[in-house]
Structure formats: C-alpha cells, structure tokens
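Q: mind looking at a prediction? Sequence and model below.
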Amino acid sequence: QKEVEQNSGPLSVPEGAIASLNCTYSDRGSQSFFWYRQYSGKSPELIMFIYSNGDKEDGRFTAQLNKASQYVSLLIRDSQPSDSATYLCAVKTGGSARQLTFGSGTQLTVLP
Amino acid sequence: KAGVTQTPRYLIKTRGQQVTLSCSPISGHRSVSWYQQTPGQGLQFLFEYFSETQRNKGNFPGRFSGRQFSNSRSEMNVSTLELGDSALYLCASSLGLDRSSYGYTFGSGTRLTVV
C-alpha cells in the first residue's frame, strides 16, 4: 500500500462547478497535510496546509481533514480554466521522519 | 523577496559522469529539501538539510549526496550517472523544522538528462 494515495484522474469539471480532490494516507502518526498545485512544466506551488481535523477555507479553496479516517480532501469552488493543473497531496510525519511524502497527483481539467 | 533559486535549469550529462546541482533558499529559510520527480515515480524525497546537517534521507543509493553551507545554500551531487537518473530535481526551502514553519517553497528545478 502506498503511503499517500490519490485518485489519479484525470478529473474534468465544467467551469463554475466544484472540484473535489481526495487523498488517503497510511501513517496514523502523520501530523501535517499539504495541497500543492503543479502546472505542466512548472514546479509545485503550495495552495493550503492543514493540521487539525475539520475544514480550513482560503478563498475558493477548502481543505478537509479527518484523521480518524486518514483522509484529506481539497474542494475548489467556482472552478476556473486556470485551475487546470495537477494537484498533489503531501503528508508530513513528525518525529524522526520529517520528510514530505507526496501522492502521485490528480490531474484536473476545468472545461470552459 | 527572491524565491528559491536553482541552477542550472537544464543539464545534459553522459552515463558515468557526475553532476552537482545548486539551490539557494529563500532568505531566512534554514531548511532545504531535495526531491526527484519523474513521470513514473512522482515526487520522491532525497534528503533534508538544516543548519548544515543532514536531518533526514530518503531511499536513494549512496551515489546521491548533498551538503549545506553556512549561508543555507545547498548542493546535491550525483556520481556515476545512470540513464534512470534523468529527472526533474527540485529543491524546497522552509523556515525550519518545527510545525509552525512547515510551509515548503519549491524552486523551478533542474532538468537533468542522462544520455
């Protein structure tokens, strides 16, 4: 089982719709969770991070974390064509293993 | 405020050669991490440096090494290059190791091609 799993997609949504991206992780000791966006040919860009159970909102983006289910998601409201990119979920475990472990990414296309 | 700077942007090397990549973190950031990104394996962690010390290392062979200087700039070295080392190498910096400074900012990467 991979440490961080994402739906590989591709995911297509019409402009203005809500895009829902999901991620599960295997290490219950994981403490911090990140969503990155990567445009083709570019480096990953941090969108949001979340530490506590529940929802965290930032503009059109909402991150949701459920540690009991080992599940983190990203909602993008009012999706725009400029949101078309690969979204990477990353998980960081505390203690001695401090690296960010990334999922394989979900490719999102927002159709005009 | 300057971002994370990686040099060179592109590199072509021959099998068996060695290569050194450079990363200058955001001013004030003391932690530097290196990642390898390939289409098949995605983003994989190489190592993390903080205060000139390697704090964590991923599952890569000893041909991959790195170091960090007193000004937080970091270099990674790959010796005896193999075709499979062709990848985008990304450097990410953050303020430190504690939870409040967990935000990682990536550089533009170095695209290494081994022929």
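A: In hand now; what should we look at?
Q: show the contacting residues for the closest residue to B:F50 other than its chain neighbours.
A: Leaving aside its sequence neighbours, B:F50 sits nearest to B:S31 (Cβ to Cβ, 6 or more residues apart in numbering or on different chains; 4.6 Å). All C-beta atoms are positioned from the backbone trio N, CA, C, and that covers glycine. Residues counted as contacts of B:S31 (Cβ atoms under 8 Å, 6 or more residues apart in numbering or on different chains) are B:25, B:48-50, B:55, B:93-97, B:101.
Q: if we use 7 Å, what do you get?
A: Residues near B:S31 by Cβ atoms under 7 Å, 6 or more residues apart in numbering or on different chains: B:48, B:50, B:93-97.
Q: and A:V4, by the same measure?
A: With contacts defined as Cβ under 7 Å, 6+ apart, A:V4 is in contact with A:23, A:25, A:89, A:91, A:101-103.
Q: any low-confidence regions in the chain?
A: No chain in the question, so chain A it is. For chain A, residues meeting the criterion pLDDT under 70 lie at A:1-2, A:94-98.
Q: can you look at chain B instead?
A: Looking at chain B by pLDDT under 70, you get B:1, B:97-102.
Q: circling back to that earlier point, tell me which of the contacts of B:S31 fall in strands.
A: Per DSSP state E, strands hold the following members of the contacts of B:S31: B:48, B:50, B:93-94.
Q: just give me the closest of the residues you listed to chain A.
A: B:E48 (6.1 Å; Cβ to the nearest Cβ).
Q: show me the strands in chain B, by range?
A: Taking DSSP E as the criterion, chain B carries its strands at B:5-7, B:10-13, B:19-24, B:31-38, B:42-50, B:53-57, B:64-68, B:74-78, B:87-94, B:105-106, B:110-114.
Q: contact residues of chain A facing chain B?
A: A:31-32, A:43-44, A:46, A:49, A:51, A:88, A:92, A:97-102, A:104-105 (Cβ under 7 Å from any Cβ of the partner chain).
Q: could you save the contacts of A:V4 as a markdown table and add columns showing secondary structure and neighbour count?
A: Below are the contacts of A:V4 laid out as a markdown table (DSSP: H, G, I helix; E, B strand; the rest coil; neighbours: other Cβ atoms under 10 Å in any protein chain shown):
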| residue | secondary structure | neighbour count |
| --- | --- | --- |
| A:C23 | strand | 27 |
| A:Y25 | strand | 22 |
| A:C89 | strand | 26 |
| A:V91 | strand | 23 |
| A:T101 | strand | 21 |
| A:F102 | strand | 23 |
| A:G103 | coil | 26 |
